[in-house]
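Novice: Pasted the sequence and its predicted model underneath.
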Amino acid sequence: MTVLYMPLFRRCTNSRTLSQLHAHLFITGLHSHPPAATKLIESYSQMGNLEFSRRFFDTFPRPDSFMWGVLIKCYVWGGFLEEAISLYQEMENQTQTQTQTQISNFVFPSVLKACSSCGDLGVGGKVHGRVIKCGFESDAVIETSLLCMYGEMGYLDDACKVFDTMPVRDVVAWSSIVLNYVQNGQAREGLETFSQMISLAVVEPDSVAMLSVAEACAELGSLKLGRSVHGFVVRREIEIDASLNKSLIAMYGKLGDLYSAEKLFGTVSCLMTTASWTQMISCYNQSGCFREAMNVFVEMQEFKMEPNQVTMMGVLCACARLGRVKGGKSVHGFVIRRAMDPELDTMGPALMEFYVDSGNLRGCHKEALLLFVQMQTQGLMLDSYSLASSLSACGAIGFSQLGDQIHGYIIKTGKFNEFVQNALIDMYAKCGFVHSAYKIFEKIKEKSVVTWNSMVFGFSQNGYSVEAITLFDQMYMNCVKMDKVTFLSVIQACSHLGYLEKGKWIHHKLIINGLMEDSYLDTALTDMYSKCGDLQMAHEVFDRMSERSIVSWSAMIAGYGKHGQINAAISLFDQMLGLGIKPNDITFMHILLACSHAGAVEEGKLYFNSMAEFGVEPNHDHFACIVDLLSRAGDLTKAFRIITSLPFPTDSSIWGAFLNGCRIHKRMDIIKNIEKNLLDVDTADTGYYTLLSNIYAEEGTWDEFGKARSMMKCKGLRKVPGYSTIEIDRNIYRFGPGDTSHSQTTDIYRFLENFQTLVHAQGYDSEPDNSIVEFRKENNVMSQSEKLAIAFGIINTRPGTTLRISKNLHVCRDCHSFAKIVSKITGREIVMRDLNRFHCFKNGSCSCKDYW
């Protein structure tokens, strides 16, 4: 009688009709028959009501092994894998207490699938033992399930043992062992096994078998093998169903043969499923054809093909790479409207990555963090990918408080893999907490090159350039393989410090590592050499570049500007325009600075006024440059007119430029008229308040001097202590004002005393050079850091050696005069870099022509 009701189960399309059938079976008493009860359990599960399936199962007095197996299978289908294993163990305990201990062979495939998905080899091994005990070691389905379980958990040797002992191997078994090889990174062995299957001619390969073979070809990167496999499918007339079609498209996409992928994709319209459309989008993304990927998605909509979550992740990737923030937000809205992922457990990480990537262009980091908070609020277990993306967003906007909370979450959940640790280092470094970043770095035992790079970059970006170089040296000593990112960071550190010899050594190591012919590295080297005072070498690197970006041109123009070579800077700018390269805001800032350093007023005005022609709107930095240019040249009226007509509040950089001009031209009357404006500036720039207070001190207006210093104190600001460094034989020596800590202090001060005597003895008093008069009238000639560095350099180098000095602040007029005198008497060339520019002293004169 029960058999007669089985067709009725197939007609139950919802829970209501199934409940009606259940009620009818209950009235007739058939619900207690095992076949009907088992079918009810399965049907309720298929309707999404697994809980009711279990409750009904629990009411059955003596469920047989088959009924247990159906319930276990239902739990596996529903993704409740641990519960499925617990059910199996419960079944085992009950059968052992009963007279019938035999378990149905139907049970084992499901429970083995649960074990492999959970990665529970312990239970899986016990199930294998139970299979042998029950005498099912010759059951092809169970043996294939065992083979898959061992392979999926990475125990390939055990999988091979099962395969080798199988008395009969059908096409499913052969396909499974090939798949196991491929999934465990042994694609070549997988293809050899497939070749063995063909040569033995025991089974005929089907479309499922070819899925793994196509994947193996893609993993090996062999287009020739891939085409051979495709040809094999055609010759053997193996049916190319939707799955195989998708797999072949994926293979060609990974192998870079987009033509073949496109041809397969458009061959048969019935095979153009959501999966194949999605795969085509993925192929274009992998090949960097992001516009084509977007076009495929548009076509997909025109064909009224419903996208899935994987499709939308591919579209998001294309939007991010194209910088289409609006497009990505539209995708986000599409996902929400279609309720494709209400819990964000699948799309959440992809959306977060999109907003983080887009944030680097358009400031969308807040959206990424809002997604993170939403996912956490919903109780989702965040993976390392989502955590790293969130940390990246925190670092980008300096949101260290949330970064700390995420760090706490990571500690609590124990998700400390390399990916997350590197993201933590990067986040703390970008937020300015370098010591926190370094603590994490120190605790990592196995450091990859990415970990080292993150810390070197963190030091370099936060002004810890010495520490960055030291860490680079450790990498070199530990034989860590370095990449382009490593060299970019350490070259930047050398640029900050002006370490020419160290920079040359790093350039040499870069060549040895075979990392030349890279526009980013060449631009960094151009910048480094120009900032370290070797303009000739900077020009050589620039000339050698096969491809020059606007950043490269800007770096070289900046180098000429800092060295006072205005004609070279203008020539290079004109050359750039002649090649059709459009200057950006940075390029204009550097050419304006070059004009300012050289006093080229008319040229500077011309460049400033031409910015609009190139679609560049002047910002604070550009206005600071033009105000500085006019103020230095003495056109304070026009400079002030620009300040009063600014479209935004005047900041300390603009007022500071104007103040410096007033100081140079002794216009205290103007300073008094705008005193309120000057004191109302809200800034954390210590240089601005130092300049203002020094002007008041020079004029003896001590009340105003006190006000400026009080403002610094109220804001918690302190005057930056000046220091000078000199590089000798790739070693750096640092001196502060009145420094007596050096081992050669006695020799240094003795040299300075003798030099002062030499000035008198050589008769320089009679020369009309104002610098000599200024040099003689200063009482603290022995104390300035620049003088101590110069004296140390002369003592410790051979005659004629060029001295390279770096000063962290502006060089004072007295030290400038001192350097000119030293270059004239000793015949030395002295290259001095201060906060703004280079001064090259030679034969008693400076390259700045006393205009700085």
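Specialist: Right, received. Where do you want to start? Numbers count the residues shown, from 1 in each chain.

Novice: what are the ranges of the strands in the protein?
Specialist: Secondary structure of the chain by DSSP state E: the strands cover 724-728, 731-735, 803-807, 830-833, 838-842, 845-846.

Novice: Would you format those as CSV with mean neighbour count included?
Specialist: Heads up, the C-betas are built off the backbone N, CA and C, glycines and all. CSV is the format used below for the strands of the chain (neighbours: other C-beta atoms under 10 Å):
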stretch, mean neighbour count
strand 724-728, 22
strand 731-735, 17
strand 803-807, 25
strand 830-833, 25
strand 838-842, 22
strand 845-846, 19
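
Novice: now those strands in TSV, with distance to Met280 and mean pLDDT?
Specialist: Below are the strands of the chain laid out as TSV (distance: least, C-beta to C-beta, whole Å; pLDDT from 0 to 100):
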stretch	distance to Met280	mean pLDDT
strand 724-728	57	91
strand 731-735	56	89
strand 803-807	56	93
strand 830-833	55	94
strand 838-842	56	93
strand 845-846	65	91
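
Novice: Among those, which comes closest to Gly29?
Specialist: strand 731-735 (95.0 Å; C-beta to C-beta).

Novice: so what strands line up beside the closest one?
Specialist: strand 724-728 (antiparallel) (DSSP bridges).

Novice: what angle separates the partner strand from strand 803-807?
Specialist: Inter-element angle recorded for strand 724-728 and strand 803-807: 150 degrees (by axes from the mean of the first three to the mean of the last three C-alpha atoms, to 10 degrees).

Novice: check contacts around Leu264.
Specialist: Asn245, Leu248, Ile249, Tyr252 (C-beta atoms under 8 Å, 6 or more residues apart in numbering).

Novice: 6 Å instead?
Specialist: Shown in contact with Leu264 (C-beta atoms under 6 Å, 6 or more residues apart in numbering): Leu248, Ile249.

Novice: Repeat that for Gly615.
Specialist: Contacts of Gly615 by C-beta under 6 Å, 6+ apart: none found.

Novice: Go again with 8 Å.
Specialist: Lys582.

Novice: Verify the stated contact: Ala140 with Trp174.
Specialist: No - look at Ala140 against Trp174 with C-beta atoms under 8 Å: they stay out of range, at 11.5 Å.

Novice: Looking at the two, which is more packed in?
Specialist: Remark: of Ala140 and Trp174, Trp174 carries more neighbours, 24 against 14, as counted by other C-beta atoms under 10 Å.

Novice: how about the nearest residue to the more buried one, chain neighbours excluded?
Specialist: Met197 (4.7 Å; C-beta to C-beta, 6 or more residues apart in numbering).

Novice: What separation is there between that neighbour and Asp139?
Specialist: 21 Å (C-beta to C-beta, to the nearest Å).

Novice: Could you check which of these two is surrounded by more residues?
Specialist: A direct count of neighbours by other C-beta under 10 Å for Met197 and Asp139 places Met197 higher, at 22 against 17.

Novice: Can you tell me how far the more buried one is from Gly190?
Specialist: From Met197 over to Gly190 the distance is 11 Å, taken as C-beta to C-beta.

Novice: which residue is nearest the centroid of this protein?
Specialist: Closest residue to the average C-alpha location of the chain: Ser392 at 7.5 Å, with C-alpha atoms, centre = their mean.

Novice: isn't it right next to Leu424, touching?
Specialist: No - applying C-beta under 8 Å, one finds Ser392 not in contact with Leu424, separated by 10.4 Å.

Novice: circling back to that earlier point, now that we're looking at the residue nearest to Trp174, what pLDDT does it have?
Specialist: You'll see Met197 listed with a pLDDT of 92.

Novice: Might one say that it is in contact with Met210?
Specialist: No - assessed by C-beta under 8 Å, Met197 is found out of contact with Met210, at 11.5 Å.

Novice: Once you drop chain neighbours, what's closest to Thr523?
Specialist: Nearest to Thr523 is Ser552, by C-beta to C-beta, 6+ apart, at 4.5 Å.

Novice: hang on, the earlier thing: mind checking which of the strands of the chain is nearest Asp685?
Specialist: Per C-beta to C-beta, nearest to Asp685 of these: strand 803-807, 18.1 Å.

Novice: Centre of the chain to the closest one, how far?
Specialist: Centroid separation between strand 803-807 and its chain, computed with C-alpha atoms, centre = their mean, to the nearest Å, is 35 Å.

Novice: Which other helices and strands does it contact?
Specialist: strand 724-728, helix 785-796, strand 830-833 (3 or more C-beta pairs under 8 Å, 6 or more residues apart in numbering; DSSP states H and E).

Novice: Distance to Asp651 added to these, as JSON lines?
Specialist: Output for those, formatted as JSON lines (distance: least, C-beta to C-beta, whole Å):
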{"stretch": "strand 724-728", "distance to Asp651": "29"}
{"stretch": "helix 785-796", "distance to Asp651": "29"}
{"stretch": "strand 830-833", "distance to Asp651": "25"}
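
Novice: For Tyr428, find the nearest of these.
Specialist: With C-beta to C-beta as the measure, strand 724-728 is the member of the helices and strands packed on strand 803-807 nearest Tyr428 (27.6 Å).

Novice: ok, and what's touching that closest one?
Specialist: With C-beta under 8 Å, 6+ apart as the criterion, strand 724-728 contacts 497-502, 732-735, 785-786, 788-790, 792-793, 796-797, 803-808.

Novice: With just CA atoms, put that strand into CSV.
Specialist: Extracted in CSV, the C-alpha atoms of strand 724-728 (Å, rounded to 0.1, in the frame of the first residue of the first chain):
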residue,chain,number,x,y,z
SER,A,724,73.3,68.5,10.7
THR,A,725,74.5,65.2,9.3
ILE,A,726,77.5,64.4,7.1
GLU,A,727,78.0,61.1,5.3
ILE,A,728,81.6,59.7,5.1
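
Novice: Report the angle between that strand and helix 785-796.
Specialist: Using the same axes, to 10 degrees, the direction of strand 724-728 lies 20 degrees away from that of helix 785-796.

Novice: wait, what's in contact with Met210?
Specialist: Val229, Val233, Ile238, Leu244, Ser247.

Novice: can you pull the pLDDT of the second one?
Specialist: Here, the pLDDT recorded for Val233 equals 93.

Novice: now do the third one
Specialist: The predicted local confidence for Ile238 comes out at a pLDDT of 92.

Novice: Surely it is in contact with Asp206?
Specialist: Yes - shown here, Ile238 and Asp206 form a contact pair, counting by C-beta under 8 Å, at 6.6 Å.

Novice: Trp852: which of the strands of the chain is closest?
Specialist: strand 838-842 (7.2 Å).

Novice: same for the closest one, what does it pack against?
Specialist: Short answer (3+ C-beta pairs under 8 Å, 6+ apart): strand 838-842 packs on helix 813-826, strand 830-833.

Novice: Could you export the ones you listed as CSV, including distance to Ala697?
Specialist: Shown next, in CSV, are the helices and strands packed on strand 838-842 (distance: least, C-beta to C-beta, whole Å):
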stretch, distance to Ala697
helix 813-826, 15
strand 830-833, 25
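
Novice: No further questions, thank you.
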